[in-house]
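Participant: I would like the atomic coordinates for the input below:
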Amino acid sequence: MSARPASPPPHARPGQTSDEDHRTRRLLRWVFAQENLDEIRGHPDKVLALIDEFSKDERMMTVGQEKGKHVLDVINEVKPETMIELGCFVGYSAILFGDACRRNGGKRYLSLEYNPEWAAIANMLIELAGLRSFVTVLVGRSDVTLDKLYRTGDVKKIELMFIDHYKPAYLTDVKLCEHHGMIVPGSVLAADNVLHPGNPPYLEYVRSTVEQKREAAKQGPTRGYNTEGMRERAVNSFMPEGDVPFLETVGNPNLVYQSELRQPEGHRDAIEVTRCVGVQEA
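Facilitator: All right, here's what the predicted structure looks like:
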């Protein structure tokens, strides 16, 4: 009698099959098996409702309506022409926030996703929601893609960026944007999962004073990611073992941030909304 094969790791590295991979495929099949699919097509709210319904029984890594509302408030305030998100997964946030951006007169929503299979599934759901011409999913490493967007002149500044991808890359990707001058007074960052599973290095950075950041910058860029205080599962998920940031940079410690935690009542997680409000010259 052969041994029962081990279950796949909950958050697999590239080339492995994870629980999320199985769930995303089941979600896609379930959504497109709906008898009233024609009534759903072209309605972002109905597609989101289906994903929410599926998530009641199958845990999905989506921002959800409760936390999402806090980002919607920022979208309604900022009204970005271009909004960027890091981490697309099945397209839930791209549909929720992309629809809001479009209604606020925006021109495009760029969603960066490392996993090509998740990006393909997201594109199908985004198309079902009627947002395929507004939301563009860019497949590849977030830091490489951000660098390319800047160097090609496609994105010169960050208006509003939603951060919900590989947790150790939150800080390095923000510093990359700072390095390129993409974060300027008026730029807003909205980061998910800052309490659960948590991201102490990111929170410490965006809440630090210019003086504190300057002092830390004297040590120069660090090799790899700062994973202090992060759960092992978050650190060992999704990216290849031994991965390091595409570019090493200390960012721009002279940027002045005002950061605020927005936590839905009774929710274990929250969104950190960070605004660049100025530049403090040395």
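Participant: chain center to the strand or helix carrying W118: distance?
Facilitator: Of the helices and strands defined by DSSP states H and E, W118 is found in helix 116-128. Helix 116-128 sits 16 Å away from the centroid of its parent chain (CA atoms, centre = their mean, to the nearest Å).
Participant: can I get the CA coordinates of that helix in PDB?
Facilitator: These are the backbone C-alpha positions of helix 116-128, laid out as PDB (Å, rounded to 0.1, in the frame of the first residue of the first chain):
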ATOM      1  CA  PRO A 116       1.100  34.200 -14.000                       C
ATOM      2  CA  GLU A 117      -1.700  31.700 -13.200                       C
ATOM      3  CA  TRP A 118      -3.400  34.100 -10.700                       C
ATOM      4  CA  ALA A 119      -3.000  36.900 -13.200                       C
ATOM      5  CA  ALA A 120      -4.800  34.800 -15.900                       C
ATOM      6  CA  ILE A 121      -7.700  34.000 -13.500                       C
ATOM      7  CA  ALA A 122      -7.800  37.700 -12.400                       C
ATOM      8  CA  ASN A 123      -8.000  38.800 -16.100                       C
ATOM      9  CA  MET A 124     -11.000  36.500 -16.600                       C
ATOM     10  CA  LEU A 125     -12.900  37.900 -13.600                       C
ATOM     11  CA  ILE A 126     -11.900  41.500 -14.400                       C
ATOM     12  CA  GLU A 127     -13.300  41.000 -17.900                       C
ATOM     13  CA  LEU A 128     -16.500  39.500 -16.500                       C
END
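Participant: show me what it is packed up against.
Facilitator: Based on contacts counted as 3 or more CB pairs under 8 Å, 6 or more residues apart in numbering; DSSP states H and E, the elements that helix 116-128 packs against are helix 19-32, helix 44-55, helix 92-103, strand 108-113, strand 135-139. Any C-beta I mention is one placed from the backbone N, CA and C, and that applies to glycine too.
Participant: now tabulate those in a markdown table and tack on mean neighbour count and mean pLDDT.
Facilitator: Listed next are the helices and strands packed on helix 116-128 as a markdown table, based on neighbours: other CB atoms under 10 Å; pLDDT from 0 to 100:
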| stretch | mean neighbour count | mean pLDDT |
| --- | --- | --- |
| helix 19-32 | 16 | 95 |
| helix 44-55 | 18 | 98 |
| helix 92-103 | 24 | 98 |
| strand 108-113 | 24 | 98 |
| strand 135-139 | 20 | 98 |
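Participant: any chance of those in JSON lines, with distance to M182 too?
Facilitator: Shown next, in JSON lines, are those (distance: least, CB to CB, whole Å):
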{"stretch": "helix 19-32", "distance to M182": "30"}
{"stretch": "helix 44-55", "distance to M182": "28"}
{"stretch": "helix 92-103", "distance to M182": "18"}
{"stretch": "strand 108-113", "distance to M182": "13"}
{"stretch": "strand 135-139", "distance to M182": "15"}
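Participant: out of these, nearest to F162?
Facilitator: Nearest of the helices and strands packed on helix 116-128 to F162, taken as CB to CB: helix 92-103 at 6.2 Å.
Participant: give me the distance from the closest one to the chain's centre.
Facilitator: Using CA atoms, centre = their mean, the distance from the centre of helix 92-103 to the centre of the chain it belongs to is 13 Å.
Participant: what's that helix in contact with?
Facilitator: 44-45, 47-48, 51, 60, 62-63, 65, 68, 71-72, 75-76, 80, 83, 85, 87-88, 109, 111, 122, 125-126, 129, 131, 134-135, 137, 162, 164 (CB atoms under 8 Å, 6 or more residues apart in numbering).
Participant: no further queries at this time; thank you.
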